[in-house]
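Enquirer: What follows is a predicted protein model with its sequence.
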Amino acid sequence: NAGVTQTPKFRILKIGQSMTLQCAQDMNHNYMYWYRQDPGMGLKLIYYSVGAGITDKGEVPNGYNVSRSTTEDFPLRLELAAPSQTSVYFCASSYSSTGVSYEQYFGPGTRLTVT
Amino acid sequence: RKEVEQDPGPFNVPEGATVAFNCTYSNSASQSFFWYRQDCRKEPKLLMSVYSSGNEDGRFTAQLNRASQYISLLIRDSKLSDSATYLCVVRGVSSNTGKLIFGQGTTLQVKP
């Protein structure tokens, strides 16, 4: 199993550009998450999904959009990049059953710089 | 007040030392508690879950005090490879979403 994979690893965007961060997992996990981590700070939840076709906002959703058309993929879209979106983005997944959810597995992250 | 608070450190200790980290959480209804480890420029990985009765995994011991709303991690006989950031993590009250709340992390540097 590859686990959770993310592409790209690094990206530099100009202000106002758009991009999609890709995330995929091959563990048949039903729950998936997007976090951002600013230097010296904890992870903040951007969006999450409890299954294909179901997404919901986390703590810091402004400026981002997500979709979950399959169990495996959970892309994160930045429409109009701003310097405040410079961060490291982590995708994670977990399995949940009957109200109990288990360990979150993280991808290697995407380092995004907006200038 | 932050939902999960940790002393960011850094904690600089010699090899072989015992070091303890504490963490406090604000929501008394929180259900589950974890310690994650994050190496420099890497993704977080689960170190251990924290159970009400306390639990041990080799050199690592985790404790939970629900009355005082704090969680601790004790590392005995520190190794150079223990150098990392340790994240205190609490599962939100709405457990059916699996959402986790992360502290900002405590940095440990073990020196020879």
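Expert: Sure thing, it's come through.
Enquirer: Which residues does B:Leu108 form beta bridges with?
Expert: Assessed by DSSP bridges, B:Leu108 has beta-bridge partners B:Phe11, B:Ala84.
Enquirer: That one touches B:Pro10, doesn't it?
Expert: Yes. At 7.1 Å, B:Leu108 counts as touching B:Pro10 under the criterion of Cβ atoms under 8 Å. (Glycine included, C-beta is placed from N, CA and C.)
Enquirer: These two: which is more packed in?
Expert: Taking other Cβ atoms under 10 Å in any protein chain shown, B:Leu108 and B:Pro10 do not tie; B:Leu108 has more neighbours (21 against 12).
Enquirer: Mind listing residues that contact stretch B:5-17?
Expert: If you take Cβ atoms under 8 Å, 6 or more residues apart in numbering or on different chains as the criterion, stretch B:5-17 is touched by A:40, B:19, B:21-26, B:77-80, B:87-88, B:103-112.
Enquirer: Over to stretch B:102-112?
Expert: Stretch B:102-112 is touched from outside by A:35, A:40-44, B:2, B:4-15, B:17, B:19, B:21, B:23, B:36, B:38, B:44, B:75, B:78-89, with contacts defined as Cβ under 8 Å, 6+ apart.
Enquirer: What mean pLDDT does stretch A:7-16 get?
Expert: The predicted model assigns stretch A:7-16 a mean pLDDT of 97.
Enquirer: distance between the ends of that stretch?
Expert: Stretch A:7-16 has its terminal residues 20 Å apart, counting by Cα to Cα, to the nearest Å.
Enquirer: For chain A, give me the ranges with low pLDDT.
Expert: A:98-101 (pLDDT under 70).
Enquirer: if you set the cut-off to 90 instead, what comes out?
Expert: Along chain A, segments meeting pLDDT under 90 span A:1-2, A:39-42, A:79, A:95-104.
Enquirer: where does chain B have its least confident helix or strand?
Expert: Every helix and strand in chain B was compared by mean pLDDT, DSSP states H and E; the lowest is strand B:100-102, with a mean of 89.
Enquirer: Compute the first-to-last residue distance for stretch B:19-36.
Expert: End-to-end distance (Cα to Cα), stretch B:19-36: 16 Å.
Enquirer: The residue nearest to the spatial centre of chain A: what's it in contact with?
Expert: The centroid of chain A falls nearest to A:Trp34 when counting by Cα atoms, centre = their mean (2.7 Å). The neighbourhood of A:Trp34, defined by Cβ under 8 Å, 6+ apart, consists of A:21, A:23, A:45-48, A:58, A:64, A:66, A:74, A:76, A:89-92.
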